[in-house]
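Peer 1: pasting the structure only:
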């Protein structure tokens, strides 16, 4: 690649480099939703495990009072 192509002042190359894979717009838009889905699943896992622990503690307290 010519040196002047990379170092032109005030010019931004708009052509995609031949060795760079260009991604589609659909993949870029789905990425934040995938991260959000993973984050929500993580919070659901935390909430369900906390609920289970609280339920176990309550059943033990009730069982111990008898």
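Peer 2: Okay, I see it. Note that the structure is predicted; figures quoted are calculated from it, not measured.

Peer 1: OK, contacts around residue 52?
Peer 2: Contacts for residue 52 were tallied using C-beta atoms under 8 Å, 6 or more residues apart in numbering; there are none. C-betas here are computed from N, CA, C, even on glycine.

Peer 1: if I look at it, how far off is residue 41?
Peer 2: Note on residue 52: its distance to residue 41, by C-beta to C-beta, to the nearest Å, is 16 Å.

Peer 1: same thing with residue 65?
Peer 2: Using C-beta to C-beta, one obtains 37 Å as the distance from residue 65 to residue 41.

Peer 1: the more surrounded of those two?
Peer 2: It is residue 41, of residue 65 and residue 41, that has more neighbours when counted by other C-beta atoms under 10 Å, with 10 against 6.

Peer 1: Now do the helices in this structure.
Peer 2: Listed in chain order, the helices of the chain (DSSP state H) span residues 3-6, 25-65.

Peer 1: can you list those helices in TSV and add mean pLDDT?
Peer 2: Compiled in TSV, those are given as follows (pLDDT from 0 to 100):
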stretch	mean pLDDT
helix 3-6	54
helix 25-65	87
